[in-house]
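S.K.: Can you look at this prediction? I've put the sequence above it.
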Amino acid sequence: QVQLVESGGGLVQAGGSLRLSCVASGRTFGNYVMGWFRQTPGKEREFVAARSWRPSTYYADSVKGRFTISRDNAKNTVDLQMNSLKPEDTAVYYCAARRLVVTTNYNEIDYWGQGTQVTVSS
């Protein structure tokens, strides 16, 4: 079992920045691909970014060049630095863990955090 706890969401104006953090506990953190998804009402949860243990990073096209994912295996943390935020980035952001394999499909995620709200005002 892996427990994920996010923090760092909030309200920011367009063009601003936020940093989300996720702390993992439980099974061996290094065996998991860690990532972030987001969801708005009435829509499916969508992939945002992922980072494997190699390390390799993956980003949705909509956030490339603006968001940066990082992980610290010693601290069991994965962070998402979000810059140049846009109103369309408004969503609940979820930390996600998938054992060994990178996926952009929310149905294939093994563990989820509880989510943190990010609101970008125009």
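M.R.: Okay, I see it. Numbering: from 1, shown residues only.

S.K.: how long is stretch 15-31 end to end?
M.R.: Chord length of stretch 15-31, first to last residue, is 35 Å (C-alpha to C-alpha, to the nearest Å).

S.K.: Pull out the buried positions in it.
M.R.: Using 16 or more other C-beta atoms under 10 Å as the test for burial, stretch 15-31 gives 18, 20-24, 29. Glycine gets a C-beta too; all of them are placed from N, C-alpha and C.

S.K.: So residue 117 belongs to a helix, correct?
M.R.: No - with DSSP: H, G, I helix; E, B strand; the rest coil as the criterion, residue 117 is located in strand rather than a helix.

S.K.: Can you tell me how far residue 115 is from residue 54?
M.R.: Residue 115 sits 27 Å away from residue 54, taking C-beta to C-beta, to the nearest Å as the criterion.

S.K.: between these two, which one's more packed in?
M.R.: Remark: of residue 115 and residue 54, residue 115 carries more neighbours, 18 against 8, as counted by other C-beta atoms under 10 Å.

S.K.: Identify the residues contacting the closest residue to that one other than its chain neighbours.
M.R.: Nearest residue to residue 115 in three dimensions, chain neighbours excluded: residue 92, at 4.3 Å (C-beta to C-beta, 6 or more residues apart in numbering). When contacts are counted by C-beta atoms under 8 Å, 6 or more residues apart in numbering, residue 92 is found next to 38-40, 115-118.
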